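> for reference, the sequence and a predicted model appear below.
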Amino acid sequence: MRAIEVTKPGELRIVDREPPREPQAGHVVVGIRAMGICGSDIHILHGQNPFATYPRIIGHEAAGEVLAVASDVTAVSPGDRVVVDPVISCGECPACRIGRQNVCSRLQVRGVHTDGMAREQLLLPASCLHVFRKDLPFETAVLCEPFTIAAETLWRGRVTGADTLLLFGAGPIGQVILQGARRLGAKVLVTDVVPERLDLAKCMGASDAFDSSKEGLREWVRSSTDGVGPSVTVDAVGRADIFELAVEMAAPAGRIVVLGFGPEPSRIAERSITARELDILGSRLHNNKFPEALGWIERGEVNPRALVSHTFRMEEVEKAIDLIEHAPRETCKVILTF
Ligand code: MN
């Protein structure tokens, strides 16, 4: 059975592994059919993910088919199509006890801290699986995980249809947040440096898009928000200077949601937060958002297909990663099939 393993930083290989045995209590054998390549997979390859250990089978965005179930499993049956929640939490720590298992003190993410879904078959607890409609292609359903990131971001930012949202970054994560915010009816302003991504954002309902490699970002934000500033800002780029800019431009009572893991500190004066009573909110992974995100996709309220720029076979993974890294103008979400 083949798997995609980052053996050590800088080295990615297709390896042969034992297929899973008969599922034990509570467990299921899943045949993976599609996997999304994420920026964090590429960070693991380059040794830039602070949470990853090696060797590591990557893959945290996956859709597949149930092949076998343990005798006590009733929630899923062979033949069901499922998406896999990559978040593993302990259920006992203070964060888990208040229902915030995505920031569990013993948090593990499949494909990051522990082996992930980039393999032909694997054994998983039934509790991490969510069944989707049989007429939904695997290559579409696999976008569910990125949409859980959007659901979490919008929940953290308390976004409603009354908001004007300024979004930094129109890559795959920016795009899912845009679609989720448009679904709520919010006005969304998008900025990025890649013109093709700004064009896609406009097609997906951004009211305006600005190329931030050009001068005049502040003036554009001011004039697009009647001089008030955005009620919500999302930094889907994760840079210290963007965080500073987000605080500077926020409307009174504004909310700023950050998703980055950049190590660079920002210089933000306390008074700039206090004077306008700003909320600064971190958003990490997702907190039980699979049912919600899957509902958006199944009801056609978001457009995952518009985000998929390329599909490759799993053995072409290096070619796929090379394309993502060297052709940002042509790529958005890249999917591997198994
Ligand atoms: Mn991802």
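Structure's in. What do you need?
> from here on, just use CA atoms for contacts and neighbour counts.
Noted.
> secondary structure element for Arg13?
strand 11-16 (DSSP states H and E).
> again, but for Val317
Per DSSP H and E, Val317 falls inside helix 317-326.
> please name the residues that touch the residue of the chain positioned farthest from its centre.
Residue farthest from the centre of the chain, counting by C-alpha atoms, centre = their mean, is Ser71 at 33.3 Å. By C-alpha atoms under 8 Å, 6 or more residues apart in numbering, the residues touching Ser71 are Ala25.
> tell me, how many residues neighbour Ala201?
By other C-alpha atoms under 10 Å, the residues close to Ala201 number 27.
> buried residues, the helix or strand where Ile149 lies. List them.
Assessed by DSSP H and E, Ile149 sits inside helix 144-156. Neighbour counts over helix 144-156 (16 or more other C-alpha atoms under 10 Å) mark 144-154, 156 as buried.
> swap in stretch 21-30?
23-24, 26-30.
> pLDDT, secondary structure and distance to Arg17 for the residues you listed - can I get that in a markdown table?
Shown next, in a markdown table, are the buried residues of stretch 21-30 (pLDDT from 0 to 100; DSSP: H, G, I helix; E, B strand; the rest coil; distance: C-alpha to C-alpha, whole Å):
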| residue | pLDDT | secondary structure | distance to Arg17 |
| --- | --- | --- | --- |
| Pro23 | 97 | coil | 17 |
| Gln24 | 95 | coil | 19 |
| Gly26 | 98 | coil | 23 |
| His27 | 98 | strand | 19 |
| Val28 | 98 | strand | 18 |
| Val29 | 98 | strand | 15 |
| Val30 | 98 | strand | 15 |
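> which stretches of the stretch 101-250 of the chain form helices?
Listed in chain order, the helices of the stretch 101-250 of the chain (DSSP state H, counting those that start in this stretch) span residues 138-141, 144-156, 172-184, 195-203, 217-224, 240-249.
> tell me which other helices or strands the fifth one touches.
Applying 3 or more C-alpha pairs under 8 Å, 6 or more residues apart in numbering; DSSP states H and E, one finds that helix 217-224 contacts helix 240-249.
> any idea how far the residue nearest to Gln108 when sequence neighbours are not counted is from Pro328?
Nearest non-adjacent residue to Gln108, counting by C-alpha to C-alpha, 6 or more residues apart in numbering: Ile88, 5.0 Å away. According to C-alpha to C-alpha, to the nearest Å, Ile88 and Pro328 sit 31 Å apart.
> one more: Ala52?
Look at Ala52 and Pro328: by C-alpha to C-alpha, they are 25 Å apart.
> more neighbours: which of those two?
A direct count of neighbours by other C-alpha under 10 Å for Ala52 and Pro328 places Ala52 higher, at 23 against 13.
> pretty sure the more buried one contacts His43?
No. Contact between Ala52 and His43 fails when scored by C-alpha atoms under 8 Å: they sit 9.2 Å apart.
> what about stretch 313-322, distance to the chain center?
20 Å (C-alpha atoms, centre = their mean, to the nearest Å).
> and what of stretch 152-168?
For stretch 152-168, the distance to the chain centre is 16 Å (C-alpha atoms, centre = their mean).
> restrict that stretch to CA atoms and write it as CSV.
Coordinates of each C-alpha in stretch 152-168 appear next as CSV, following Å, rounded to 0.1, in the frame of the first residue of the first chain:
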residue,chain,number,x,y,z
GLU,A,152,-14.1,28.8,12.5
THR,A,153,-12.7,32.2,11.4
LEU,A,154,-16.2,33.6,10.8
TRP,A,155,-17.4,32.2,14.2
ARG,A,156,-14.4,33.8,16.0
GLY,A,157,-15.0,37.1,14.2
ARG,A,158,-18.8,37.0,14.9
VAL,A,159,-19.4,37.8,11.3
THR,A,160,-22.9,38.6,10.1
GLY,A,161,-24.5,40.1,7.0
ALA,A,162,-24.1,43.6,8.6
ASP,A,163,-20.3,43.4,8.5
THR,A,164,-17.8,44.9,6.1
LEU,A,165,-14.9,42.4,6.1
LEU,A,166,-11.4,43.3,5.0
LEU,A,167,-9.6,40.1,3.9
PHE,A,168,-5.8,40.0,3.5
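> quick one, strands of the stretch 201-338 of the chain?
For the stretch 201-338 of the chain, the strands defined by DSSP state E, counting those that start in this stretch cover 208-211, 232-235, 255-258, 279-282, 308-313, 333-337.
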